[in-house]
Structure formats: structure tokens, C-alpha cells
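Asks: Provided below are the primary sequence and the corresponding predicted coordinates.
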Amino acid sequence: VGLASVDPEAGRINWIFHTQDSVLARPVVGADSTVYFGAYDSNFYALNPDGSERWRYLTDGKIASGAIIGNEGEVIFVSTDHHCHALHPNGAVKWKVDLGSGFGHVRAPALAPDGSIIVGAGTNVLALTPEGNLQW
């Protein structure tokens, strides 16, 4: 269980990083080639380009959807703990927003042109400012 990097030209595996549970979320790559992804083990991971762990951040819920990179290089994702999390590239928390459990399943965030974070939650769509405040 984990994430693998594959060389598409050579058709070989570059590295495999093992997690404690499934990885369902697509990874995203930062400007410095850091690989970010969440796993069903409730951890959000940052890996160096060689596949070694840079840091991990434990949430209170499984992570099943992909992350985005914000305009300031922060990585933004949601977990089944009904929170939207924003982490600085070094793993420090920028903000954490409680989206409430009344919205149902929370979907992967998207980045709007103005830097707002758009999150689908159940049948609702929410917008957060780049600072993590509820916009609408």
C-alpha cells in the first residue's frame, strides 16, 4: 500500500513510498518538485523528489481526494474529518477550517482565478478566501 513513481520512458519504477492504508487521492507536485498526497491512513504526506519522506501531517479523518497548490505555494486538501486544511510547504499549518458535518461528503478543492478555494460539500458549494475564511 502506498505511492509509486514510474519513469514513463523506461517503464520502470523509480521509487515506492509505503503508507499504512490505501492511497486513493491523486498526488500533486509543488514548484520545488515536492510530491504531496493524502492517504486513507489519515496522514497527508510530503515526499522529496527521490521518494523519501519530507514530512507528514495527521488529520482526524481519512483522505480520499486530491490536493491543490494555492497561490502562495500552500497545499490545500480536505479529509473526512470535515475540515479543509492548508499547510505551508514546510508542513506547518496555515489554517484549518471546519466545514461542518451537515454538508455530507466533502469533495476535493479547486482553486479559483482570484485565489479562492472552492469546495463541494454534499449538495453545497462553498468558497473560502486564501486566508481560510468562509466567503460564501
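Replies: Alright, I've got the coordinates.

Asks: Val29 is in contact with Phe37, correct?
Replies: No. Here Phe37 does not reach Val29: they are 9.7 Å apart, not a contact under Cβ atoms under 8 Å. The way it works is simple: take the backbone N, C-alpha and C, and place the C-beta from them, glycine included.

Asks: what score does Ile16 have for pLDDT?
Replies: The predicted structure scores Ile16 at 97 on the pLDDT scale.

Asks: just give the number of residues close to the residue lying closest to it once chain neighbours are set aside.
Replies: Using Cβ to Cβ, 6 or more residues apart in numbering and skipping the chain neighbours, the partner closest in space to Ile16 is Ala4 (4.6 Å). Counted by other Cβ atoms under 10 Å, the residues lying close to Ala4 total 12.

Asks: report the secondary structure state of Ala4.
Replies: On the three-state scheme (DSSP: H, G, I helix; E, B strand; the rest coil), Ala4 is labelled strand.

Asks: where along the protein do the strands fall?
Replies: Counting by DSSP state E, the chain forms strands over residues 2-7, 12-18, 28-29, 35-38, 43-47, 53-58, 68-69, 75-79, 83-87, 93-98, 110-111, 117-121, 124-128, given from the N-terminal end onward.

Asks: quick one: residues in contact with the fourth one.
Replies: Residues outside strand 35-38 that contact it (Cβ atoms under 8 Å, 6 or more residues apart in numbering) are 3, 5, 23, 25-30, 44-49, 51, 59, 63-67, 69, 75, 77, 79.

Asks: can you say which of those are buried?
Replies: Buried positions within the contacts of strand 35-38, assessed by neighbour count (16 or more other Cβ atoms under 10 Å), are 3, 23, 25, 27-28, 44-47, 51, 59, 63-67, 69, 75, 77, 79.

Asks: re earlier: dump the strands of the chain to TSV, plus distance to Gln135.
Replies: Rendered in TSV, the data for the strands of the chain read as follows (distance: least, Cβ to Cβ, whole Å):
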stretch	distance to Gln135
strand 2-7	32
strand 12-18	35
strand 28-29	22
strand 35-38	24
strand 43-47	23
strand 53-58	24
strand 68-69	16
strand 75-79	14
strand 83-87	12
strand 93-98	11
strand 110-111	13
strand 117-121	9
strand 124-128	4
